[in-house]
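[1] How does the following fold in three dimensions:
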Amino acid sequence: MARQLTELPPGHVFVFGSNLAGRHGKGAAWDAVRFFGAVRGRGIGMQGQSYAIPTKDEHLAPLSLDAIRKHVAVFLAFARSNPHLYFEVTAIGCGLAGYAPGDIAPMFEDPPRNVQLPLEFYPVKAAS
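    Now for the predicted structure:
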(Lines give C-alpha, C1' and ligand atoms only; values in the text may rest on other atoms or scores of the structure.)
Protein backbone atom coordinates (compact mmCIF):
# COMPACT_ATOMS: atom_id res chain seq x y z
CA MET A 1 0.00 0.00 0.00
CA ALA A 2 1.36 3.42 -0.97
CA ARG A 3 1.92 5.97 1.75
CA GLN A 4 -0.62 8.74 1.97
CA LEU A 5 0.66 12.17 0.99
CA THR A 6 -0.50 14.92 3.32
CA GLU A 7 1.86 17.70 2.28
CA LEU A 8 4.08 18.68 -0.62
CA PRO A 9 6.81 21.29 -0.96
CA PRO A 10 5.92 24.60 -2.63
CA GLY A 11 5.77 24.22 -6.40
CA HIS A 12 4.70 20.57 -6.22
CA VAL A 13 1.19 19.60 -7.36
CA PHE A 14 -0.91 16.57 -6.32
CA VAL A 15 -2.55 15.10 -9.45
CA PHE A 16 -5.65 13.02 -8.76
CA GLY A 17 -8.47 11.26 -10.56
CA SER A 18 -11.77 13.09 -10.25
CA ASN A 19 -15.34 13.05 -11.49
CA LEU A 20 -16.88 15.72 -13.69
CA ALA A 21 -19.21 16.78 -10.87
CA GLY A 22 -16.22 17.57 -8.65
CA ARG A 23 -17.64 15.64 -5.70
CA HIS A 24 -14.16 14.68 -4.44
CA GLY A 25 -15.60 12.42 -1.74
CA LYS A 26 -13.33 9.35 -1.74
CA GLY A 27 -9.83 8.14 -2.47
CA ALA A 28 -7.17 10.51 -3.75
CA ALA A 29 -9.85 13.09 -4.58
CA TRP A 30 -10.79 13.30 -0.91
CA ASP A 31 -7.10 13.65 -0.01
CA ALA A 32 -6.87 16.46 -2.58
CA VAL A 33 -9.66 18.32 -0.75
CA ARG A 34 -8.26 17.71 2.72
CA PHE A 35 -4.61 18.43 2.05
CA PHE A 36 -4.08 20.15 -1.32
CA GLY A 37 -6.84 22.70 -1.90
CA ALA A 38 -9.08 20.83 -4.36
CA VAL A 39 -12.38 22.64 -4.80
CA ARG A 40 -15.68 20.79 -4.54
CA GLY A 41 -17.73 21.26 -7.69
CA ARG A 42 -14.66 21.53 -9.95
CA GLY A 43 -13.75 18.24 -11.58
CA ILE A 44 -11.09 19.42 -14.02
CA GLY A 45 -7.79 21.25 -13.80
CA MET A 46 -5.64 23.14 -11.35
CA GLN A 47 -7.11 23.93 -7.93
CA GLY A 48 -4.97 24.94 -4.99
CA GLN A 49 -1.93 22.66 -4.89
CA SER A 50 -3.74 19.96 -6.89
CA TYR A 51 -4.78 19.12 -10.44
CA ALA A 52 -7.92 17.08 -11.24
CA ILE A 53 -7.99 14.66 -14.18
CA PRO A 54 -11.52 13.29 -14.69
CA THR A 55 -11.87 9.51 -14.76
CA LYS A 56 -15.61 9.43 -13.95
CA ASP A 57 -18.59 11.36 -15.31
CA GLU A 58 -20.96 13.64 -13.39
CA HIS A 59 -23.05 10.60 -12.36
CA LEU A 60 -19.92 8.83 -11.05
CA ALA A 61 -19.81 6.25 -13.86
CA PRO A 62 -16.33 5.57 -15.27
CA LEU A 63 -15.43 7.60 -18.34
CA SER A 64 -14.32 5.70 -21.43
CA LEU A 65 -10.60 5.19 -21.89
CA ASP A 66 -10.76 7.53 -24.90
CA ALA A 67 -12.30 10.28 -22.78
CA ILE A 68 -9.70 9.80 -20.03
CA ARG A 69 -6.94 9.85 -22.66
CA LYS A 70 -8.13 13.29 -23.82
CA HIS A 71 -8.10 14.63 -20.26
CA VAL A 72 -4.61 13.20 -19.72
CA ALA A 73 -3.43 14.92 -22.92
CA VAL A 74 -4.78 18.25 -21.64
CA PHE A 75 -2.97 17.69 -18.34
CA LEU A 76 0.32 16.83 -20.06
CA ALA A 77 0.07 19.98 -22.19
CA PHE A 78 -0.56 21.98 -18.99
CA ALA A 79 2.48 20.38 -17.32
CA ARG A 80 4.66 21.18 -20.35
CA SER A 81 3.51 24.80 -20.28
CA ASN A 82 4.28 25.06 -16.55
CA PRO A 83 7.86 23.75 -16.23
CA HIS A 84 8.27 25.64 -12.93
CA LEU A 85 5.80 23.21 -11.29
CA TYR A 86 6.43 19.56 -10.39
CA PHE A 87 3.41 17.26 -10.79
CA GLU A 88 3.06 14.13 -8.64
CA VAL A 89 0.51 11.90 -10.37
CA THR A 90 -1.50 9.36 -8.38
CA ALA A 91 -2.71 6.11 -9.99
CA ILE A 92 -5.66 7.89 -11.60
CA GLY A 93 -8.47 5.66 -12.82
CA CYS A 94 -7.09 2.62 -10.99
CA GLY A 95 -9.20 2.87 -7.85
CA LEU A 96 -12.85 3.84 -7.88
CA ALA A 97 -13.02 4.12 -11.70
CA GLY A 98 -12.00 0.45 -11.91
CA TYR A 99 -9.29 0.51 -14.58
CA ALA A 100 -5.99 -1.34 -14.34
CA PRO A 101 -2.60 0.40 -14.50
CA GLY A 102 -2.14 -1.27 -17.90
CA ASP A 103 -5.15 0.67 -19.17
CA ILE A 104 -4.00 4.08 -17.91
CA ALA A 105 -0.18 4.10 -17.84
CA PRO A 106 0.22 4.12 -21.66
CA MET A 107 -1.68 7.42 -21.73
CA PHE A 108 1.34 8.99 -20.02
CA GLU A 109 3.88 7.91 -22.63
CA ASP A 110 6.77 10.38 -22.84
CA PRO A 111 5.72 12.68 -19.99
CA PRO A 112 7.65 15.93 -19.47
CA ARG A 113 10.43 15.92 -16.88
CA ASN A 114 8.26 17.75 -14.34
CA VAL A 115 5.73 14.88 -14.16
CA GLN A 116 6.34 12.05 -11.69
CA LEU A 117 4.22 8.98 -12.41
CA PRO A 118 3.05 6.61 -9.66
CA LEU A 119 4.98 3.41 -9.02
CA GLU A 120 1.97 1.37 -10.20
CA PHE A 121 2.55 2.72 -13.73
CA TYR A 122 6.26 1.81 -14.04
CA PRO A 123 6.03 -1.97 -14.57
CA VAL A 124 3.54 -1.25 -17.36
CA LYS A 125 5.75 1.39 -18.95
CA ALA A 126 8.78 -0.95 -18.79
CA ALA A 127 6.81 -3.70 -20.56
CA SER A 128 5.66 -1.36 -23.35
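
[2] Closest to the centroid, which residue in the protein?
    Centroid-nearest residue in the chain, with C-alpha atoms, centre = their mean: Phe16, separated by 3.2 Å.

[3] Doesn't that one belong to a strand?
    Yes. Counting by DSSP: H, G, I helix; E, B strand; the rest coil, Phe16 is located in a strand.

[4] just checking, it touches Arg34?
    No. Taking C-beta atoms under 8 Å as the contact criterion, Phe16 and Arg34 are not neighbours in contact, 11.4 Å apart. Bear in mind the C-beta positions are built from the backbone N, C-alpha and C, glycine included.

[5] and Val115, what does it touch?
    Residues in contact with Val115, defined by C-beta atoms under 8 Å, 6 or more residues apart in numbering, are Leu76, Ala79, Phe87, Val89, Phe108.

[6] Would you double-check that the first one falls in a helix?
    Yes. Secondary structure assignment (three-state DSSP) places Leu76 inside a helix.

[7] Measure how buried the spatially closest residue to it that is not a sequence neighbour is and give me the count.
    Nearest-residue entry for Leu76: Pro111, 6.2 Å, with adjacent residues in sequence omitted and distances by C-beta to C-beta, 6 or more residues apart in numbering. Neighbours of Pro111 under the rule other C-beta atoms under 10 Å: 19.

[8] Touching, Pro111 and Leu117? I think so.
    Yes. With the criterion set as C-beta under 8 Å, Pro111 and Leu117 qualify as a contacting pair; they are 6.5 Å apart.
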